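Chemist: below are the sequence and a predicted model; questions follow.
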Amino acid sequence: MATITGIPAGWPADETAARAVQDALRDRVVLDETGPPPGAGPVTGIDVAYDDERDVVAAAAVVLDPATLDVVEEATAVGRVAFPYVPGLLAFREIPAVLGALEALRTDPGLVVCDGYGVAHPRRFGLASHLGVLTGLPTMGVAKNPFLFAEGELGPERGSTAPLLDGTEEVGRAVRTRARVKPVYVSVGHRVSLDNACAHALSLTPAYRQPETTRRADRLCRDALAAL
DNA sequence: GCGACAG
DNA sequence: ATCTTGTCGC
């Protein structure tokens, strides 16, 4: 059964307020911890599906065993859409429902893998970082597009990487998870090193371009939305 | 001002 | 994200 989630009190109502929240919370991101390496603890995938017509959102959290990638526990939450989609402000749209799904878990989520950016964000505070600060959990982001940042050339083989650069600063890394297939874009969210985040991205992709965490959560939240 | 723009 | 059929390939 999906948990019903409300929109948190004080949730920003417009873009100006949302950017102010990002500016107020960005300093709380912890970047000096290495986090759990692959295999050291559970990994949890998060994803959200929308029906803007009906103003409903469904979020899913799926906990996987780090060695076998088998599902340990899953939870869903549904609610009303909390914010419109605005590039750079995705977290305000997704986080309320995601928090509901995470809170419904009784297992330790371990490392949380998000769909989108962590610090590879215009204000260094993408969805993964925001979720990390609010929950205290180690988080990382895996996006399908680089957009904002320059991407170096990377080899065609699985495991090759190239820095995502904002000027001279490496804010993330393009990671080839399948040979000759477009890479994914990994960035640190909270309490994880970029090296560890990239290692997780690879350990979570034994068969497809996207991490198993993301694939499992994506399917679950779609099903939860369709079941409404 | 115009276009680009995670999901 | 979501709207959507068939189709090429392993």
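Modeler: Nice, I can see it. Note that the structure is a prediction, hence the values are computed from the model and not measured.

Chemist: okay, CA-based contacts and neighbour counts for the rest of this
Modeler: Noted.

Chemist: what about A:Val21, which SS state?
Modeler: Secondary structure, DSSP: H, G, I helix; E, B strand; the rest coil: A:Val21 is helix.

Chemist: that one: what's it in contact with?
Modeler: A:Val21 is in contact with A:Pro12, counting by CA atoms under 8 Å, 6 or more residues apart in numbering.

Chemist: which other helices and strands contact the helix or strand bottoming out on mean pLDDT in chain A?
Modeler: Within chain A, confidence by mean pLDDT, DSSP states H and E is lowest for strand A:150-151 among all helices and strands, at a mean of 78. When contacts are defined as 3 or more CA pairs under 8 Å, 6 or more residues apart in numbering; DSSP states H and E, strand A:150-151 packs onto strand A:161-166.

Chemist: and the next helix or strand past the strand it packs on?
Modeler: Next along the chain after strand A:161-166, taking DSSP states H and E as the criterion, comes strand A:169-175.

Chemist: how much does that next one deviate in direction from strand A:161-166?
Modeler: Per axes from the mean of the first three to the mean of the last three CA atoms, to 10 degrees, the angle that strand A:169-175 makes with strand A:161-166 is 140 degrees.

Chemist: if I look at A:Pro87, how far off is DNA strand C?
Modeler: Between A:Pro87 and DNA strand C the distance is 11 Å, computed by CA to the nearest atom of the strand, to the nearest Å.
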